[in-house]
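Sequence and predicted structure, then a few things I'm wondering about:
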Amino acid sequence: MSQQGRKIAAGLAVLVALSGLLVAGCGTGAKLTKGPVHIVVKNAKPVGGVKDITVKKGKPVGFSVTSDVADEIHVHGYNYHKDVKKGGTISFDFPAKIDGNFVIELESRSEQIASLTVEP
């Protein structure tokens, strides 16, 4: 194969690779959450790590938090917040009206307990 032929083949290989990345990046690839999520907070940390909640825009967001510490649970972006008592449980249920990624945290401790993704 000539040098020009090799350059063309290399260029085509790069284009194929880039188009594959483009197609792979067209969605978040995240699995949509089915039903409400229950988050357990122990020693002011989410048991099992930060929970992922993924829903489509317009669908309901539902989750509850049981905590061994008193704090305010804050859904950033939506600006929803509720106080949970030590040993208590609170629930959130609201429509996903804003798409994007949002932190859910123990507000006074700045401890993230969940990540909300709302897909368009």
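Yep, it's here.

The chain: helices as residue ranges?
Taking DSSP state H as the test, the helices found in the chain are 3-24.

Pick out the least confidently modelled helix or strand of it, by mean pLDDT.
helix 3-24 (a mean of 46; mean pLDDT, DSSP states H and E).

List the contacts of Gly58.
Pro95, Ala96, Lys97 (CB atoms under 8 Å, 6 or more residues apart in numbering). Quick note: C-beta positions are derived from backbone N, CA and C, even for glycine.

Next, count neighbours for the last one.
Spelled out, it's Lys97. Number of residues near Lys97 (other CB atoms under 10 Å) recorded here: 10.

Please parse this protein into its domains.
The record assigns the chain these domain ranges, following automatic domain parsing: 1-28, 37-119.

Let me see the ranges of the strands in this protein.
For the chain, the strands defined by DSSP state E occupy 37-42, 45-46, 51-56, 60-67, 71-75, 80-84, 89-95, 100-106, 111-119.

Dump those to TSV, plus mean neighbour count and mean pLDDT.
Shown next, in TSV, are the strands of the chain (neighbours: other CB atoms under 10 Å; pLDDT from 0 to 100):
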stretch	mean neighbour count	mean pLDDT
strand 37-42	16	98
strand 45-46	18	98
strand 51-56	18	97
strand 60-67	19	98
strand 71-75	20	98
strand 80-84	14	97
strand 89-95	14	98
strand 100-106	19	98
strand 111-119	19	98
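
export the ones you listed to TSV and tack on distance to Lys31?
Listed next are the strands of the chain as TSV, based on distance: least, CB to CB, whole Å:
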stretch	distance to Lys31
strand 37-42	12
strand 45-46	19
strand 51-56	7
strand 60-67	15
strand 71-75	20
strand 80-84	23
strand 89-95	20
strand 100-106	15
strand 111-119	10
